[in-house]
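K.L.:
Generate a structure from the sequence data that follows.
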Amino acid sequence: MAADVFDRLVALLSEAKAKFRVIEHEAEGRSEAISIIRGNRPDQAAKAMVLDVRGGGGGRRNVLAILPGSRKLDFAAVAALFEARKCGFASPETAQQITGCVMGAVPPFALDPALTIVVEEDLLGNETLFFNAGRLDRSMELDTKDWLAVAKPRVARIAARA
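P.N.:
Predicted structure coming up:
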């Protein structure tokens, strides 16, 4: 399953003529540790989290929140953005079913139409982004403009203020 997500990402980015490179490394899914292994700043890492957003005018949906690896999510901000009463992490089973990835390997792309992507606008100040690419032992470095063009995320303030 994970190899399938990785292969789909490579095909998607190649077809879009995106500027990216694959980084092979030891298996790791924690933001701080993987940034050290890849040699990138934590704020360049695109950390992807599957959320369960429910209630209010928006009904129930799953959202893929993308944050700098050094930041924490503001659940209330995401709930407000989607006019929802509650926002929390999706169960690990739901997240794996929707993304096809184990936790820590989820890339910042919605390969399932059930996912809506929202990104913390501070992440977009980076020229390139680093992220696990569907596998714990594969990452990518991708031009931020290319990520925006392919992923088409909603941009908002969703990170907790330090």
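K.L.:
Stretch 112-122: end-to-end distance?
P.N.:
25 Å (Cα to Cα, to the nearest Å).
K.L.:
Equivalent analysis for stretch 143-159, please.
P.N.:
22 Å.
K.L.:
Mind checking the pLDDT average for that stretch?
P.N.:
Taken as a whole, stretch 143-159 has an average pLDDT of 97.
K.L.:
And that stretch, what's buried?
P.N.:
Residues of stretch 143-159 classed as buried: Asp143, Thr144, Asp146, Trp147, Val150, Ala151, Pro153, Ala156, Ile158, Ala159 (neighbour count, 16 or more other Cβ atoms under 10 Å). Backbone N, C-alpha and C define where each C-beta goes, glycine included.
K.L.:
again, but for stretch 125-142
P.N.:
Buried residues in stretch 125-142, counted by 16+ other Cβ under 10 Å: 126, 128-142.
K.L.:
Going by distance to Arg60, which of the residues you listed wins?
P.N.:
Among these, Gly134 lies closest to Arg60 (Cβ to Cβ), at 25.5 Å.
K.L.:
Go ahead and confirm the closest one touches Gly104.
P.N.:
No - contact criterion Cβ atoms under 8 Å: Gly134 and Gly104 do not qualify, at 10.9 Å.
K.L.:
Output the below-cut-off pLDDT ranges for this structure.
P.N.:
Judged by pLDDT under 70, the chain has its weakly predicted residues at 1-3, 57-58, 162.
K.L.:
In terms of secondary structure, what does the longest helix that it contains contact?
P.N.:
Criterion DSSP state H: the longest helix present in the chain is helix 2-15. Contact here means 3 or more Cβ pairs under 8 Å, 6 or more residues apart in numbering; DSSP states H and E; on that basis helix 2-15 packs against strand 128-135, strand 138-143, helix 144-151.
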